[in-house]
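**Q** I need the structure of the sequence given here:
(2 chains)
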Amino acid sequence: MSLRIAALSLLLLATIASAIGVVYARQQSRLAFIELSRLGNERDNLEFEFGRLQLEQATWAENNRIDQIARGRLGMLPPAAAQTLVIKR
Amino acid sequence: MNARTKPANTRTRLYAVFAVLGLASSALVVRAVDLQVVRKDFYQEQGDARYLRDIDIPVSRGTIFDRNGEPLAVSTPVESIWANPMELLEHADRIGELARAAGLDEESLKERLVERSDKEFYYIKRHLNPDDAQAILGLGIPGVSSQREFRRYYPSGEVIAHVLGFTNIDDAGQEGLELAFDSWLAGEKGIKRVIRDRLGHEVENVELVREARPGKDLTISIDRRIQYLAYRELKAALAEHHASSGSMVILDVPTGEILAMVNQPSFNPNARGNVDPAYRRNRAATDVVEPGSTMKAFTISAALESGKWKPHTPIDTSPGTYTLYGHTISDVHNKGMIDVTGVITYSSNVGAAKIAATLGRDEMYDVFHRFGFGEVTGCGFPGESPGNLPIAKNWGPVEQATIAYGYGLSVTPLQLAQGYAALANDGRLRPPTFVKGGQAKDRAVIDPQIATTLRGMLETVVHPPGGGIKAAITNYRVAGKTGTSRTAIGGGYQKKYISLFAGMVPATAPRLVGVVVIHDPQGAYYGALVSAPVFSKVMDGALRLLDVPPDDVQNWYTASPDSGHTVRMARQAPDGAQVEPDYAEGVPE
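**A** Below is the predicted model:
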């Protein structure tokens, strides 16, 4: 008889523990989801920032702009054949 | 106790109460079963629909890079302001405020909202930068929200507009590579389920229904630097010759990768608006031209393959005309007795026609077809034209003669480049590709020996007295062919010319093939004068950018640096006699 009571109370305790476990797991999953969303947003924002920076760099490095600055402002020219020396190996 | 009370009555009343209670409770049970079991799905759905929402998670489109990793098309997030017309119209007094903030006309905004008053969604203004969007949202007007979207930017603008194409306002590819690789670049929207309150605010994320799969990046074969060079020189040539349009294609011979593809006129893909569709066409792949004399390289390939002709087999082109079934074929100058090489050097129509007359039409068709004419190249560009190579059984003797010098068939500049690349690649044709590292399988189209012989013949074009000396490049050997044809219109030819040049450098071990096509130049119209200089300028820069070692240093040493002579002077005819190059080519009347 006392064995049955012991078994029953053990099962009861186990059930309560499992119920609390479920609640805990649920809470953890919610926290993890929030963290995931936050990190996902952060990643997205960093990627967007990267995209914008790439775009900015590409705009500054636009060939036409480089060409005009090199020729116009800096007075650069491609070397003529007469100014080039070929080193034979 | 009352006398009227009867025990029997008590029992009856008890039954009656039981019966009523029983009925009532079974009604409740039936209703409960109906709600919970029979119609559960319906009510569950209805309930969910009132607070659960599936929301799209927007994904950004993949970036397009050039072969060196320079970004060519980048998506950046923007905010689109939208409103729920029903809710907004309840606060109609604030529409004016909204219109001012968004820079819209109040009356027309109101009108459009009223039109859509039974809808729940209406875009007020799309693609704002995040700061401006925040300013509008900051007004706190009921029913107004923002949504993240992406806008595509093309930092190289019109230089590479035709190849990339563009996307529409919903970020879907509309033309060019944006369309061809749409599913690769676009990715897949994610969906998440959230709980929303009555006002549409998200209360809780429930679950991720489908994970967002962002678009993948694409690295294409174009080299932005060479592309720009080609763009600049082509544009300058068009302006100089007052030409109407033009294209240039540069292929990497060993891999078939398209290093540059430019067209004029062009358009700015960053400005969405009404651009003339003619400006948007990638003429190099979608428009056909009659190749004119550039086709002679393939006619001579067929002649050499037949075994009936050798490079030095003599052929009489006097008196500079040749009449075939009443159709007169003429050269610009009578060159008299020349050999097969001379047909290429002097671009003799008569010579090409006479050679073609000895070849079977199936034989000639077969060679042209093997070189890829009459079929799309397989590069996958949307709307690519296969050109037009009439089938052999439709060739009469006159057709065969005209096809031999590039009339009566049509090709795209890309096809022409592909054909020349096969000659450059020792007779192995490798279909062109727009993807870096995406080289297609090559196939043998002509004997390697014939390809080498033809390269030698094509080199003579770029030296006096050949017509293409303006294609010469300092310190490099160039092999190529000029061409001039006329714009075909229904049933005849217009008095509008097309100048072509197709060539390869360095001729000893070709690395690059370039084709230049310029439509309707005014004044001088020969390919030798209009297109060849563009080829020279662009290829000169491309060889330098790609660090291709010079293969003509002998001339370098004799010409520079001490002698002060230019290399081109060192290339005068061996006997020292000044030979006037002959730029003119036969153009049929």
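**Q** what separates the nearest residue to residue B:443 once chain neighbours are set aside from residue B:367, distance-wise?
**A** Leaving aside its sequence neighbours, residue B:443 sits nearest to residue B:429 (Cβ to Cβ, 6 or more residues apart in numbering or on different chains; 5.8 Å). Just so you know, the C-beta spots here come from the backbone N, C-alpha and C atoms, and that holds for glycine as well. Distance of residue B:429 to residue B:367, computed by Cβ to Cβ, to the nearest Å: 12 Å.
**Q** Please apply the same query to residue B:267.
**A** 38 Å.
**Q** centroid residue for chain A?
**A** In chain A, the residue lying closest to the centroid (Cα atoms, centre = their mean) is residue A:43, at 3.5 Å.
**Q** er, chain B I mean
**A** residue B:163 (3.2 Å).
**Q** Up against chain A, what does the stretch 101-250 of chain B have?
**A** B:153, B:155-157, B:159, B:205, B:224-225, B:228-229, B:232 (Cβ under 8 Å from any Cβ of the partner chain).
**Q** switch the cut-off to 10 Å
**A** Proximity of the stretch 101-250 of chain B to chain A is confined to B:130, B:148, B:150, B:153-157, B:159, B:190, B:192, B:204-208, B:212, B:214, B:224-229, B:231-232 under the rule Cβ under 10 Å from any Cβ of the partner chain.
**Q** quick one: buried residues of the lowest-mean-pLDDT helix or strand in chain A?
**A** Ranked by mean pLDDT, DSSP states H and E, the helix or strand of chain A with the weakest confidence is helix A:63-68, at a mean of 87. Across helix A:63-68, burial judged by 16 or more other Cβ atoms under 10 Å in any protein chain shown covers residue A:63.
**Q** Report all helices and strands that that helix contacts.
**A** helix B:224-241 (3 or more Cβ pairs under 10 Å, 6 or more residues apart in numbering or on different chains; DSSP states H and E).
**Q** got the CA positions of the helix it packs on in PDB?
**A** Extracted in PDB, the C-alpha atoms of helix B:224-241 (Å, rounded to 0.1, in the frame of the first residue of the first chain):
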ATOM      1  CA  ARG B 224      34.400  46.900 -66.000                       C
ATOM      2  CA  ARG B 225      37.600  48.700 -67.000                       C
ATOM      3  CA  ILE B 226      37.600  47.200 -70.600                       C
ATOM      4  CA  GLN B 227      33.900  47.800 -70.800                       C
ATOM      5  CA  TYR B 228      34.400  51.500 -70.000                       C
ATOM      6  CA  LEU B 229      37.200  51.800 -72.500                       C
ATOM      7  CA  ALA B 230      35.000  50.300 -75.200                       C
ATOM      8  CA  TYR B 231      32.100  52.500 -74.200                       C
ATOM      9  CA  ARG B 232      34.300  55.600 -74.400                       C
ATOM     10  CA  GLU B 233      35.900  54.900 -77.700                       C
ATOM     11  CA  LEU B 234      32.700  53.700 -79.400                       C
ATOM     12  CA  LYS B 235      30.900  56.800 -78.200                       C
ATOM     13  CA  ALA B 236      33.700  59.000 -79.400                       C
ATOM     14  CA  ALA B 237      33.700  57.300 -82.800                       C
ATOM     15  CA  LEU B 238      29.900  57.700 -83.200                       C
ATOM     16  CA  ALA B 239      30.200  61.400 -82.400                       C
ATOM     17  CA  GLU B 240      33.200  61.800 -84.800                       C
ATOM     18  CA  HIS B 241      31.400  60.100 -87.700                       C
END
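**Q** Counting by contacts, list what the next helix or strand after it packs against.
**A** Beyond helix B:224-241 in the direction of the C-terminus, DSSP states H and E gives the next helix or strand as strand B:245-252. With contacts taken as 3+ Cβ pairs under 10 Å, 6+ apart, strand B:245-252 sits against helix B:224-241, strand B:258-264, helix B:283-286, helix B:413-424, strand B:492-505, strand B:512-519, helix B:527-545.
**Q** switch to 7 Å and redo it
**A** Taking 3 or more Cβ pairs under 7 Å, 6 or more residues apart in numbering or on different chains; DSSP states H and E as contact, the helices and strands that strand B:245-252 lies on are helix B:224-241, strand B:258-264, helix B:283-286, helix B:413-424, strand B:512-519, helix B:527-545.
**Q** So which residues make contact with the last one?
**A** The contact list for helix B:527-545 (Cβ atoms under 7 Å, 6 or more residues apart in numbering or on different chains) reads B:225-226, B:229-230, B:233-234, B:237, B:241, B:248, B:250, B:467-468, B:470-474, B:476, B:480, B:482-484, B:499-501, B:503, B:505, B:512, B:514, B:516-518, B:521, B:524, B:583.
**Q** tell me the average confidence for it?
**A** In this model, helix B:527-545 has a mean pLDDT of 91.
**Q** Any idea how far that helix is from the middle of the chain?
**A** Averaging C-alpha positions (Cα atoms, centre = their mean, to the nearest Å) puts helix B:527-545 22 Å from its chain's average.
**Q** what angle sits between it and strand B:245-252?
**A** Angle of helix B:527-545 versus strand B:245-252, following axes from the mean of the first three to the mean of the last three Cα atoms, to 10 degrees, is 40 degrees.
**Q** how much does helix B:527-545 deviate in direction from strand B:492-505?
**A** Interaxial angle, helix B:527-545 versus strand B:492-505 (the same axes, to 10 degrees): 30 degrees.
**Q** ok, now the fourth one?
**A** Angle, helix B:413-424 to strand B:492-505, by the same axes, to 10 degrees: 40 degrees.
**Q** helices and strands around helix B:413-424, which ones?
**A** Short answer (3+ Cβ pairs under 7 Å, 6+ apart): helix B:413-424 packs on strand B:245-252, helix B:283-286, strand B:428-429, helix B:448-461, strand B:492-505, strand B:512-519.
**Q** Which of these has the lowest mean pLDDT?
**A** Among the helices and strands packed on helix B:413-424, strand B:492-505 scores lowest, with a mean of 86.
**Q** any idea of the angle that strand forms with strand B:512-519?
**A** 160 degrees.
**Q** what sits against the nearest residue to residue B:210 once chain neighbours are set aside?
**A** Nearest non-adjacent residue to residue B:210, counting by Cβ to Cβ, 6+ apart: residue B:191, 4.5 Å away. Contacts for residue B:191 were tallied using Cβ under 7 Å, 6+ apart; they are B:54, B:56-57, B:209-210.
**Q** Would you mind checking the contacts of helix B:527-545 for buried ones?
**A** The buried subset of the contacts of helix B:527-545 (16+ other Cβ under 10 Å) comprises B:225-226, B:229-230, B:233-234, B:237, B:241, B:248, B:250, B:467-468, B:470-474, B:476, B:480, B:482-484, B:499-501, B:503, B:505, B:512, B:514, B:516-518, B:521, B:583.
**Q** thinking again about what came up before, is the residue nearest to the centre of chain A part of a helix or strand, or is it coil?
**A** Assigned with DSSP: H, G, I helix; E, B strand; the rest coil, residue A:43 falls in the helix class.
**Q** cool, and the one 4 residues further on?
**A** Classification of residue A:47 into helix, strand or coil gives helix, according to three-state DSSP.
**Q** where does it land on pLDDT?
**A** 83.
**Q** just the one 4 residues further on next, same as before
**A** As summarised for this prediction, residue A:51 has a pLDDT of 84.
**Q** now the helix or strand harbouring it, how far from the centre of its chain.
**A** Assessed by DSSP H and E, residue A:51 sits inside helix A:2-60. Helix A:2-60 sits 18 Å away from the centroid of its parent chain (Cα atoms, centre = their mean).
**Q** So what's the residue count around the residue lying closest to residue B:186 once chain neighbours are set aside?
**A** Leaving out its chain neighbours, the residue that sits closest to residue B:186 by Cβ to Cβ, 6+ apart is residue B:215, at 5.2 Å. Residue B:215 has 21 neighbours, counted by other Cβ atoms under 10 Å in any protein chain shown.
**Q** hang on, isn't residue B:215 packed against residue B:63?
**A** No - here residue B:215 does not reach residue B:63: they are 8.4 Å apart, not a contact under Cβ atoms under 7 Å.
**Q** hey, what's residue B:145 bridged with?
**A** residue B:82 (DSSP bridges).
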